[in-house]
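Undergrad: could you look at this predicted model? Sequence included:
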Amino acid sequence: MTSSVQPPGAHLPEHPDFLWENPEPKASYDVVVVGGGGHGLATAYYLAKVHGITNVAVLEKGWLAGGNMARNTTIIRSNYLWDESSGIYEHSLKLWEGLEEDLGYPILFDQRGVLNLAHSLQDVRDSVRRVNANRLNGIDAEWVDPAGVKEICPIVNVSQDVRYPVLGATYQPRAGIAKHDYVAWGYARAAHAMGVDLIQNCEVTGMETSGGRITAVETSRGRIAAGKVALCAAGHSSVLAKMVGLRLPLASHPLQALVSELLEPVHPTVVMSNAVHVYVSQAHKGELVMGAGIDSYNGYGQRGSFHIIEQQMSAALELFPIFARAHLLRTWAGIVDVSPDASPIVGLTPVGGLYLNCGWGTGGFKATPGVGDCFAHTIAHDKPHAFNEPFTLERFTTGALVDEHGAAAVAH
Amino acid sequence: MQLIPCPWCGPREEAEFHYGGQAHVAYPEDPSALTDEEWAQYVFFRENPSGPFAERWSHSAGCRRWFNAVRDTRTHDLLAVYRVGEPMPELGEKDQVAS
Amino acid sequence: MTADPTSPLAAWTDRLAALAPALTVAERPFRAQLTVRVSDPSAIEAMGSALGVAFPPVPCTFTSGSGPFGDLEVLWLGPDEFLVVASPGLQVPIEDALRAARGSARGSVVDTSAQRTTVVLEGAHVRDVLAHGCSVDLHPSSAPVGTCVQTLLARTGIILQVTGEDRFAVLVRSSFAGYLAAWLSDACMEYRT
Amino acid sequence: MNLRKPTGGAIDRNTLLRFTFNGRALTGHPGDTLASALLANGVHEVGSSVKLGRPRGIVAAGSEDPTSLVQIEAPFPEPMLLATTVELYDGLEARGLAGQGRLASLPDPARYDAKHEHCDVLVVGAGPAGLVAALTAARSGARVVLVDEQNQAGGALLGVEEYLDDRPSAEWVADIVAELRSTPGVLVLERTTAFGMYQDGFVLALQKRTDHLGFAAPASVARQRVWRIRTKQTVLATGAHERPVVFADNDRPGIMLASAARTFLHRYGVLPGSRAVVFTTNDSAYCAAIDLAESGVDVPLIVDARPEAPARLATECAARGIEVRAGHVVTGTEGAGRVTDAHVAPLGDIKGRGVAGHPDTVVCDTVLVSGGWNPVVNLFSQARGKLRYDAVLGSFVQGEELSSVRVAGSATGELDLTSCVRQGREAGEAAAIATGFTPGGQVPLPVSDSRCTQRSGLVLWRVPGAEDASFVDLQRDSTVADVLRATGAGLRSLEHIKRYTTIGTAHDQGKTSGMIAAGIVAEALGVELADQRPTTFRPPYTSVSFAALAGRDRGELHDPVRVTAIHPWHVAHGALFEDVGQWKRPWYYPRPGEDLHAAVLRECRATRESVGLMDGSTLGKIDVQGSDAGKFLDMLYTNMMSTLKVGRIRYGVMCGVDGMVIDDGTVIRVGEERYLVTTTTGNAAKILDWMEEWLQTEWPHLDVHCTSVTEHWATIPLVGPKSRDVLAAVAPGLNVSNEAFEFMTWRDTVVAGIPARVCRISFSGELAYEINVTAWHGLAVWEALMAAGEQYGITPYGTETMHVLRAEKGYPIIGQETDATVTPQDLGMSWAVSKKKPDFIGKRSFARAENNRTDRKQLVGLLPVDPTVLLPEGSQIVETDRLPEPPVRMLGHVTSSYPSAALGRTFALALVRSGHERIGETLYVPVDDSLVPVTVTDSVLYDKEGARRDG
């Protein structure tokens, strides 16, 4: 007899019995990573693992991975337009593919594919352009027509009678989702095991410099001397950079997401529609996870405006009529740091020993392993890794932007 | 959804407004006299404080007028609203706008 | 060769009429409309005099009256922006009169007659229907007769005038008129019994 | 088994409702919930748990219930509703769930809508405190909205049998509701849950309007409505939820909260079972025990964890044969689908750290539990009110005063009815005063006969015992063992432990489990709960269907369809449409048997060889007036506009401050101080906003005013060598000769009897006129042009033909050839960038290093070596005839690509690195698995000398 009565939640892996200790901060570290989110934890992990730098503290003002790491919709893909972006995101995706084994932690990485829908003729042109660029960059990418969309995700409404019909989609089969807490905790546990101190409830309130070089951070738990300081603070990057007089071209905005109750499997992939600001997947337990558009105003309140959610729902139901009676269970917001060209800033700063990793906007989660690796390299060698070399702060002065807004949504 | 007091039309729902980022960033007198760094500061770099922030809004679905506001970005509470050309109102000690 | 004008809601006449008694809805097409930008008080006064109707001194209101151009209304749209609305066909003489009255004061007068069309709504449920898509408080204590606001109705911008106890005028951009009509028809659904 | 009492409860026993549960036909009555009807039929087991597959029953009587999840199958499938909140109707088909719901495969036929409401005072909760708060505010003259999630007012009174002022409490409630309903300016909404509280008094509430009608729900009535309430003051009278105590095997069906049993008894006339053991830490469960005993339930035992039982209540119990065992706890249960025995033992110490002695086993089919009360502070917390741990109550309570949000009744932690009502009155008064009203006609405080004078109980989170069978979150199968494993793993934050254990993440968001989890964690970590940060209460308070949030913004109302005055003609003549922003533009007009290419080739040929016309009304049009208008446009455009002569027209390009092209169009000088600017269709609103932004915020000193006239004008380009003849036919007053009406000039004239402005501009290279008339006359003039052009085979064409015609001439389309990284120079438009002007927007950016690279991507033409090969738009371009291993260096991409009737071959436009220098080179375009060789050319491919412009 087959066990058809296996409860739907029975297969999910348990977390390990031990994760990390909660040490008191030491007086001094070789490297202090500010921000205990996914990027901070991954950076610490690769510093220890790849570069043998283990006298490292990760300072988190709240609880580890409680910021955007706990709030994102966990989409992982690398099908970005420009060479610079596809370089770092594809590097990341390759690391994702081995991460579970690397960390020895069940991160539930599931390569279920991502569809990016096109709703206008210009969307189609932009999508085909991106697919072609991706392929030449060695990234798996396909253009699929509406029938192909339907085949990959049968619940998408591909009727041509709707307000903005689906004209096709780009498809990246290797893209997918992972379980965010598992990823963060996997990194944290492994970093801790290699000697990294994970220090929570430790807010950085100031930075000390001497001779143009960073020397220490002031924290809510006292002064901590540091050979190098690496900022991985996402939405709070501007506030931290300002402590050393550094201005960043960033705006911190609320970005909302939501989740439904647990549902029987209906949605086998990930569907994103930039034109109508919907991205949705069905997570491992069966809940629908959806992200909304960014709220327009600067905000550090971790809350957005509800009309954004309502608009998102009307768009979602146009694409997925069967979601009508699904229920919204919980909404929340993160703080995303958006740069003028929608690309990150990763690299050195005018202050010696101070490194910057910010501006990821909505792309931070998928970049976690890739940027962790590259940022650790940058810190260890005081020199950018090839993959983050294009993402300097100076590009805003020279004009060498990496504009990932996609083709501007203008029309003739 | 925030209720934003348009200086002309009174309080209206946020959906009627368009956000314009940091206020009081003047177009340079003579852009050609600026270094690339200075020009980049004007084009791309803005304050991004966690706390009171002087910013611009336009009542785009209403009277179409731009105006300035001081809003606490932590709470999203509007501390003051004032018309273009008017000075920023005096605020309490804790509501000082970082610059 | 014929060249009869067609109003944006010409095709909707019967469907809108059929919304009664839930709501009496009718398009008032082809009205003369002039967008006036002016801030000089004496020019504003002179323009009002030329029309026989003073410009509204208070934001979010409109004035109405009768003068050399018959019945007309002046709607406040912004601190230096007004919409003069009069009977069909009068846009050219009114534009001339306004220009003359403005004199050398800064400002502009633009014929925008076909930019928007007007839909008149009347009935006991009019506030209920509008409240399905309009976030402005339309309670008589908050929006008395004479109120004129620019706001959103569902997903289109409108100018909303309170013209009577249970009577409103909605001015909508011509290209959005069909959407407005469809939305109104839908919003009336529950009140049609 | 029939557990329905012969009398009592607010149900209509004269009417029988038939329903099925798990395929079994059952009956109930109007007034029942699905849960009460199931219990009346002896059904306690509803579903099974998500991880362990253990049976799950009914724990609470309301929306806080953690377990009674059902799938509605008919009238229409809906996942994951609580049986306790589904009002029973005839024909209902439901089944219990194993943790996951099922979505319908058919479209939901129901309507959903939203409504805005404004008030001075919003009262959430129509229990005793809320009712009095609302009435107090209403009597002051304030506009009041009262919302309550139940189908009738009364709140906690619905679940008890209580007398107020010597009459049944229902009468007291009814009187207040009647007065509220008859007071002008008061809106009472039942079945309405305030689910989200945002800043500035914005409260979202979901009203379930027809769910309870089942199959009889009228299709025209919105099934659910989202109320968007904007209030000045809010009174939260949201009550309190009873919480259980955790013990081993506490998850069996038949184990329920004591207050729930009382509610089922009094509100629905249903007994929870036949033999009930009551386990409590406080007084309130005694009332349940006594009420049940008086209703015929065998209540052998009250197990009271406190060292001493309350004397008066104990005496009352003794009189009814109920044994009270103080200092005892339930340590476990037995049973399969339902509890059959409870194990009872003395509690070792009040910290719950041990159990002394051997347990007694008491046979029962019901265990009623009360571990105290959690004030419902969700909305207060959502309103960013700080919470405080109250060690006496064992729960989080309001921790600060907010100026516009007040809390009243048991939501404050208050347990005494009279005090709750007094708080309601005070809150109502304060809210009225705060909104400028004067309270009048004080609502008297009712006198209660309650025998359950409440005193606070013992705070006990759990009974020591089998930790892996002691369930904290019954829905998520999370046990005490899981919590201890989490703390043992090094986790300290409640948020981490919530994620590790998944406690509080189910449909109920931890309403009954969250506080207990926090307590167990604090004990495990040896910290004070007062020092623990509670997890955040997030909207929505209870779940809300996606469809309710989408409301009416569906289908044709999803986003406005913008159409031109000529649209009906396009529809009538079979046009296919392209979505351009919100506009529907004719894409092409296929004739029978024609596909896109065939139709477009025909349209192009007809236009180049004779005459065509299109609907250009969607172009943005902005009237710019004032003595500084020229100066202003000089700043906005890269080229000079102030030198344009009245009567003439100039093409212009606009950049952002970053120097990238944002829009283009023509500028007409109408008068000395007046211009008419056109924008691309998609940018009309943005460019007007852009102008206003500069004028209002940077250059208010300029005498310029901008007015949109986009929809005032219908715009019809009349294009082709025969356009002059057609125009002459309909505009007899206009001298259409080339000499009298030059290229890039305009005339006001009369076309087809209608005053018109005609511009001699061309986006195709052909002789062309753009005819502008008021939108009212657009359709008539279009028809007149069609009639006048009939002898020339005049051909309407759409956006696709327009694209081909302009591409043949190398004219870029903003948004297609540009992507926010392209400068005018990249487009080969240095001629449109003024060298004379000291400044214009974007100029400074042209001097940056990146702008002066010689390998920028530049607009060029591409001719496939094989003239029949059509390059897909979006193709990338490479340098070599063989692809190396990725990453392959890309030189640019194909922005536009068409077969051309005029050229007799295919062609493309492309952005190519150093493109201008590469003219004549052969490059390669990967298409599928091959590399297509292409020759780089100048972007102008047709009529390079411009011979066709003047006809």
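TA: Noted; the coordinates are in hand. Numbering: from 1, shown residues only, chains lettered A, B, ... in the order given.

Undergrad: residue contacts, residue 61?
TA: Because you didn't say which chain, this covers chain A. A:201, A:202, A:203, A:204, A:220 (Cβ atoms under 8 Å, 6 or more residues apart in numbering or on different chains). C-beta here means a position set from N, CA and C on the backbone, and glycine is covered the same way.

Undergrad: try chain C instead
TA: C:76, C:146, C:147, C:148.

Undergrad: before we move on, what about residue D:696?
TA: Counting by Cβ under 8 Å, 6+ apart, residue D:696 has contacts B:65, B:66, B:84.

Undergrad: which residues in chain B form helices?
TA: Along chain B, counting by DSSP state H, helices occupy B:36-44.

Undergrad: where does it have low pLDDT?
TA: B:94, B:98-99 (pLDDT under 70).

Undergrad: what subset of the contacts of residue C:61 is buried?
TA: Buried members of the contacts of residue C:61, scored by 16 or more other Cβ atoms under 10 Å in any protein chain shown, are C:76, C:147, C:148.

Undergrad: mind exporting the helix or strand harbouring the first one as PDB, just the C-alpha atoms?
TA: So the one you mean is residue C:76. In this structure, residue C:76 is located in strand C:70-78 according to DSSP states H and E. Provided in PDB are the C-alpha atoms of strand C:70-78 (Å, rounded to 0.1, in the frame of the first residue of the first chain):
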ATOM      1  CA  GLY C  70     -25.100  82.700 -20.300                       C
ATOM      2  CA  ASP C  71     -24.800  80.200 -17.400                       C
ATOM      3  CA  LEU C  72     -21.300  79.200 -16.600                       C
ATOM      4  CA  GLU C  73     -19.200  77.800 -13.900                       C
ATOM      5  CA  VAL C  74     -15.700  78.500 -12.800                       C
ATOM      6  CA  LEU C  75     -13.900  75.500 -11.200                       C
ATOM      7  CA  TRP C  76     -10.900  75.800  -8.900                       C
ATOM      8  CA  LEU C  77      -8.300  73.400 -10.100                       C
ATOM      9  CA  GLY C  78      -5.200  74.700  -8.400                       C
END
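
Undergrad: what's the following helix or strand after the one helix or strand residue D:692 maps to?
TA: Assigned by DSSP H and E, residue D:692 belongs to helix D:684-693. As assigned by DSSP H and E, the chain's next helix or strand after helix D:684-693 is strand D:705-708.

Undergrad: quick check: next helix or strand after that following strand?
TA: strand D:713-719.

Undergrad: quick one: is that next one near chain C?
TA: Yes. Strand D:713-719 is in contact with chain C by Cβ under 8 Å from any Cβ of the partner chain, via residue D:713.

Undergrad: residue boundaries of the strands in the stretch 1-150 of chain A?
TA: Taking DSSP state E, counting those that start in this stretch as the criterion, the stretch 1-150 of chain A carries its strands at A:28-34, A:56-59, A:75-76, A:114-118, A:142-144.

Undergrad: most packed of the ones you listed?
TA: Most buried of those by mean neighbour count (mean count of other Cβ atoms under 10 Å in any protein chain shown) is strand A:56-59; its value is a mean of 28.

Undergrad: partner strands of that one, parallel or antiparallel?
TA: Partner strands and pairing direction for strand A:56-59 (DSSP bridges) are strand A:28-34 (parallel), strand A:197-199 (parallel).

Undergrad: what sits closest to residue A:327 if chain neighbours are left out?
TA: Counting by Cβ to Cβ, 6 or more residues apart in numbering or on different chains, residue A:327 lies nearest to residue D:543, which is 3.6 Å off, once chain neighbours are set aside.
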